[in-house]
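A.B. asks: Return atomic coordinates for the entry below.
(2 chains)
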Amino acid sequence: MKIGVIAMQGAFREHEQTLARLGVETLRIRRSEQLSQVDGVIIPGGESTTIGKLLGDFNLMEPLREKILKGLPVFGTCAGMILLAKEIENSNQPRIGTMDIKVARNAFGRQVDSFEIDLVIPEVGQEPVRAVFIRAPYILEVKPNVQILAKVEDKIVMARQENMLVSAFHPELTDDLRIHRYFIEKVCKGL
Amino acid sequence: MGEKGTWVVKKGLAEMLKGGVIMDVTTPEQAKIAEEAGACAVMALERVPADIRAAGGVARMADPNVILRIMDAVTIPVMAKVRIGHFVEAQILEALGVDYIDESEVLTPADELFHIDKHAFKVPFVCGARNLGEALRRIGEGAAMIRTKGEPGTGNVVEAVRHMRQVMGEIRRLQNMPREELMTAAKEMGAPYDLVLYVHEHGRLPVVNFAAGGIATPADAALMMQLGADGIFVGSGIFKSKDPVGRAKAIVAATTYYDDPKVLAEVSKGLGEAMPGIDIKTIAQAERMSERGW
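C.D. replies: Take a look at the predicted model:
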């Protein structure tokens, strides 16, 4: 099993380190031909406008979209979630746009409102996950084919639609490996 | 909701900026150009460093109106600068809701002995450093992000290179040092022992380290990335050049593809004139911004 980490900009190093701890091989993806060498991809946190622009300029956007539509497992965190959403509130920014969700950017506020919180995610276990939200988005609406995995108050912050997993928070910034393990075991191998 | 302003959250935003370019802007229009070119954040200023250098006198925090208009214009994080030691300017920026504060040598220091106690704030800080001791002192005070200083407003990358090589060299030295030598190293560097120990064990700073001060071309940005920077600050280099849009895009691409000379060659083509540069040797010691801070 080899997982590609989209390395245009953002926290791709932390995802690589988390996957390494799980014994999963990784590949930094900056060129479209690399997509055929991996069994799944992670789109990290960062600035969604920056990552989206670079994906377009360097001809990765279309190949990535096609692969995901054909079933390539993908996990998007924060900016990655925004890029996977079909709809982004008040924005026409470039996106992959494969998942039936509508998101709001910077939805919890600016950096002074960034927070961490204990979050129970039944799919990954009963012990809460320490979830880190940084200028985070959340999901405003989902289609019925999307499974909601976690909420903060009434805001959707983690969801799955078949081969696509998204979280508004950053599991790669903590030592808890359960969410990445869920992606590998349930999304990548479970399909 | 949850816990705000924690170390994880402050340091975390800097992690999200990695591999990106933070651009100095003075107007909402420039901020939009920066965002559209792919900047991962902007630094809101009244004047870019080259103009601050030319104007002389005392340089202070920008007018809050300038900062607020830039915050309204873009969706990416907005940073702003305060004078070294001026914790009230920092309180003001925190009240405005800026995303990151740069306690910066580009402005005239307000305190010649003490930097700001950055742990006292919910908003994260970035600080400049010329060497590892300085970087670790700032982190000890609460900086959640470091940038090498370089010499701002010169369009000359030589000081940025010097400072990055210095920091990376000292990290390698600490990494290879036997444990019994670390306390003396901490004493000589003037750095907190626990942070010296962290660098020894991990082979890197405990926070993100960007390059700044004199970066003017895509090649400059890629050079700093190859020397070990986590990302790039461009001050005067973009909006003092002939083609800010083209140059901004090219520097963003060069920061991502820093180890791919073919891409670097492609994006370096036809950018027009870079900002006019200054030979560091012609700047009097007292006028060197990088000498500010302790």
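A.B. asks: Would you mind pointing out the helix or strand residue A:54 falls in?
C.D. replies: helix A:48-57 (DSSP states H and E).
A.B. asks: where exactly do the helices run in the stretch 51-200 of chain B?
C.D. replies: B:64-73, B:87-96, B:132-141, B:158-176, B:182-189, B:193-202 (DSSP state H, counting those that start in this stretch).
A.B. asks: want to throw those helices into TSV with mean pLDDT?
C.D. replies: Below are those laid out as TSV (pLDDT from 0 to 100):
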stretch	mean pLDDT
helix B:64-73	98
helix B:87-96	98
helix B:132-141	98
helix B:158-176	98
helix B:182-189	98
helix B:193-202	98
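A.B. asks: okay, now the nearest residue to residue B:39 once chain neighbours are set aside: neighbour count?
C.D. replies: Using Cβ to Cβ, 6 or more residues apart in numbering or on different chains and skipping the chain neighbours, the partner closest in space to residue B:39 is residue B:23 (4.5 Å). All C-beta atoms are positioned from the backbone trio N, CA, C, and that covers glycine. By the criterion of other Cβ atoms under 10 Å in any protein chain shown, residue B:23 has 30 neighbours.
A.B. asks: what's the answer for residue A:46, then?
C.D. replies: Residue A:46 has 28 nearby residues by other Cβ under 10 Å.
A.B. asks: Tell me which residues touch it, please.
C.D. replies: Residues near residue A:46 by Cβ atoms under 8 Å, 6 or more residues apart in numbering or on different chains: A:8-12, A:78-79, B:16-20, B:40.
A.B. asks: Return the residues in contact with the closest residue to it other than its chain neighbours.
C.D. replies: Spatial nearest neighbour of residue A:46, excluding adjacent residues (Cβ to Cβ, 6+ apart): residue A:10 at 2.0 Å. If you count contacts by Cβ under 8 Å, 6+ apart, residue A:10 has them with A:44-47, A:50-51, A:79, B:16-20, B:40.
A.B. asks: and stretch A:65-81, how far out from the chain's middle?
C.D. replies: 7 Å (Cα atoms, centre = their mean, to the nearest Å).
A.B. asks: Extract the CA atoms of that stretch and return them as PDB.
C.D. replies: C-alpha atoms of stretch A:65-81 as PDB (Å, rounded to 0.1, in the frame of the first residue of the first chain):
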ATOM      1  CA  ARG A  65     -10.700  14.500 -10.400                       C
ATOM      2  CA  GLU A  66     -10.900  11.600 -12.900                       C
ATOM      3  CA  LYS A  67      -9.000   9.200 -10.600                       C
ATOM      4  CA  ILE A  68     -11.300  10.100  -7.600                       C
ATOM      5  CA  LEU A  69     -14.400   9.700  -9.700                       C
ATOM      6  CA  LYS A  70     -13.100   6.300 -10.800                       C
ATOM      7  CA  GLY A  71     -12.800   5.300  -7.100                       C
ATOM      8  CA  LEU A  72      -9.300   6.300  -6.000                       C
ATOM      9  CA  PRO A  73      -9.500   6.600  -2.200                       C
ATOM     10  CA  VAL A  74      -9.000  10.200  -1.000                       C
ATOM     11  CA  PHE A  75      -8.700  11.900   2.400                       C
ATOM     12  CA  GLY A  76      -9.000  15.700   2.600                       C
ATOM     13  CA  THR A  77      -8.200  17.600   5.700                       C
ATOM     14  CA  CYS A  78      -9.300  21.200   6.100                       C
ATOM     15  CA  ALA A  79      -8.200  22.800   2.800                       C
ATOM     16  CA  GLY A  80      -8.400  19.300   1.300                       C
ATOM     17  CA  MET A  81     -12.000  19.100   2.400                       C
END
